[in-house]
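S.K.: A structural model of the following input is requested.
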Amino acid sequence: MQKPPNLPTSPGVYIVVHILTKVAYIGKCADLRHRAAIWTRHFKNKEKNPSYEIPISGLPVHPSSEWQFIGYPTSDLGAIRAKLLGLGVTFVNKGSRTRDLITFRGKSASLAEHAKDAGIPYTMAYSRKQAGKSLDEIFYKGEQGGN
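M.R.: Okay, here's the model as predicted:
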């Protein structure tokens with residue numbers, strides 16, 4: 001697998017892309033260099049043992065030399081995904097789990113973090129958000145019997 005020589009140890013968005021077919025996997029990680037090492041190990045294991053399964057569903061089998069690891073020291077997975085889709089890249093993972101940050105009362109945090117701060121269960125905050133309620137309504141502690 002090809003990878004840049006000087007990947008940072010910072011968090012970021014990464015893709016593992018098959019150079020010829022433009023099939024890729026995209027994700028976020030806390031350490032780009034470490035994630036590249038993990039992917040390198042997966043491809044080496046696959047070369048040594050053809051029955052080794054790389055733990056990504058739908059990733060096509062190609063020689064490791066045809067794969068490239070690219071790291072972006074940013075947290076904007078959506079923008080990177082959109083840009084690459086525009087360049088003809090197809091992703092095996094249709095959606096990646098991301099923690100969307102919500103700014104509420106001057107603090108940027110995930111829905112789970114805001115729910116914890118407000119003293120309400122995450123599931124309640126999530127269902128209120130899905131119902132289209134405002135942030136004040138989502139994080140209102142009040143009576144917790146109803147949504």
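S.K.: Check what contacts stretch 66-74 and list those residues.
M.R.: For stretch 66-74, contacts defined as C-beta atoms under 8 Å, 6 or more residues apart in numbering pick out 1-4, 7-8, 10-20, 32-33, 35-36, 39-40, 43, 80. Where you see a C-beta, it was placed from the backbone N, CA and C, and this is true even at glycine.
S.K.: whoops, stretch 6-22 was the one
M.R.: 1-2, 23-36, 39, 60, 62, 66-77, 80, 84, 87-90.
S.K.: Out of the contacts of stretch 66-74, which end up buried?
M.R.: Using 16 or more other C-beta atoms under 10 Å as the burial test, those include 1, 3, 7, 12-18, 32-33, 35-36, 39-40, 43, 80 as buried.
S.K.: Cross the residues you listed against strands and list the overlap.
M.R.: Assigned to strands by DSSP state E, the following of the buried ones among the contacts of stretch 66-74 qualify: 12-18.
S.K.: which one of those residues is nearest residue 127?
M.R.: Checking these against residue 127 with C-beta to C-beta, the nearest one is residue 13 at 29.1 Å.
S.K.: for the protein, what spans make up the strands?
M.R.: Applying DSSP E to the chain gives strands spanning 12-18, 23-29, 67-72, 90-91, 102-104, 107-109.
S.K.: Show the contacting residues for residue 94.
M.R.: Counted by C-beta under 8 Å, 6+ apart, residue 94 has zero contacts.
S.K.: And it, how close does it get to residue 7?
M.R.: Computed as C-beta to C-beta, to the nearest Å, the residue 94 to residue 7 distance reads 26 Å.
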